[in-house]
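Chemist: sequence first, then the predicted structure:
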Amino acid sequence: MKTLSNIFLFVPLFAFLLLSCSEDDPVELVKVGGPFEISELAGSWEATSAGFSDGNVNFLDLIDEGGTVTLTVQSSGRFTLTIDPSDRPSYTTSGEMFWEEFEGDYFFAIEWANYPGDWDTYGATLNATTFTLNGGFGSGEYDFDNDGNFESASISFTFVRV
């Protein structure tokens with residue numbers, strides 16, 4: 001009888017542990033705890049530099065080329081990014097900014113609307129008037145040769161609050 005009671009005790013515990021450790025659990029989007037609160041980004045921003053690099057031969061700063069990049073952020077971290085190159089039509093992308101907590105550290109992260117459930121981490125700084133965002137290779141995309149196909153790129157943006 002004691003063995004039977006142990007089975008009734010450990011089977012539910014094992015089932016709970018098995019189900020609670022699923023890799024399919026949604027990630028909690030952390031808005032506080034990093035070097036700044038995500039809500040501090042709320043408002044409109046204009047890029048003073050907007051660099052894209054394929055890590056090979058292509059590098060351009062859209063602002064130096066006569067283009068513009070604007071960013072509008074809600075206090076929730078949802079955002080819209082409008083990229084307007086001087087040599088082609090503008091386009092808009094969106095997503096959500098948050099902190100990814102890992103082993104006591106916080107990493108600035110973006111889940112792009114085009115890639116739901118997947119996110120990249122970035123270097124980010126914020127002061128009263130300037131927001132910088134830097135990502136490694138594959139953290140962004142740009143159509144360097146204007147053929148309609150976006151290539152993986154690293155990004156480096158500096159925004160000022162407007």
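Modeler: That came through fine.
Chemist: how about low-confidence regions in the chain?
Modeler: By pLDDT under 70, the weakly predicted segments of the chain are 1-29.
Chemist: residue ranges of the strands in this protein, please?
Modeler: All strands of the chain, identified by DSSP state E, fall at 43-53, 59-61, 68-73, 78-84, 91-102, 105-112, 120-126, 130-142, 151-161.
Chemist: other SSEs contacting the second one?
Modeler: Applying 3 or more CB pairs under 8 Å, 6 or more residues apart in numbering; DSSP states H and E, one finds that strand 59-61 makes contact with strand 43-53. Where you see a C-beta, it was placed from the backbone N, CA and C, and this is true even at glycine.
Chemist: that older thread, switch the strands of the chain over to TSV; also include mean neighbour count and distance to Gly34.
Modeler: Below are those laid out as TSV (neighbours: other CB atoms under 10 Å; distance: least, CB to CB, whole Å):
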stretch	mean neighbour count	distance to Gly34
strand 43-53	18	18
strand 59-61	16	27
strand 68-73	19	15
strand 78-84	18	16
strand 91-102	17	4
strand 105-112	18	4
strand 120-126	17	8
strand 130-142	18	13
strand 151-161	18	17
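Chemist: ok, the closest residue to Glu46 other than its chain neighbours to Thr68 distance?
Modeler: Nearest non-adjacent residue to Glu46, counting by CB to CB, 6 or more residues apart in numbering: Val162, 4.9 Å away. Going from Val162 to Thr68 by CB to CB, to the nearest Å gives 11 Å.
Chemist: anything in contact with each of those two?
Modeler: Here Val162 and Thr68 have Glu46 as joint contacts, going by CB atoms under 8 Å, 6 or more residues apart in numbering.
Chemist: partner residues bridging the most centrally placed residue in the chain?
Modeler: By CA atoms, centre = their mean, the mean C-alpha position of the chain lies nearest to Ile110, the distance being 1.2 Å. Beta bridges link Ile110 to Met97, Asp120, judged by DSSP bridges.
Chemist: cool, and Asp84?
Modeler: In beta-bridge terms (that is, DSSP bridges), Asp84 pairs with Thr68.
Chemist: between the strands of the chain, which gets nearest to Lys31?
Modeler: For the strands of the chain, distance to Lys31 was read as CB to CB. The smallest value, 6.1 Å, belongs to strand 91-102.
Chemist: skip the chain neighbours and tell me the closest residue to Phe36.
Modeler: Leu126 (4.7 Å).
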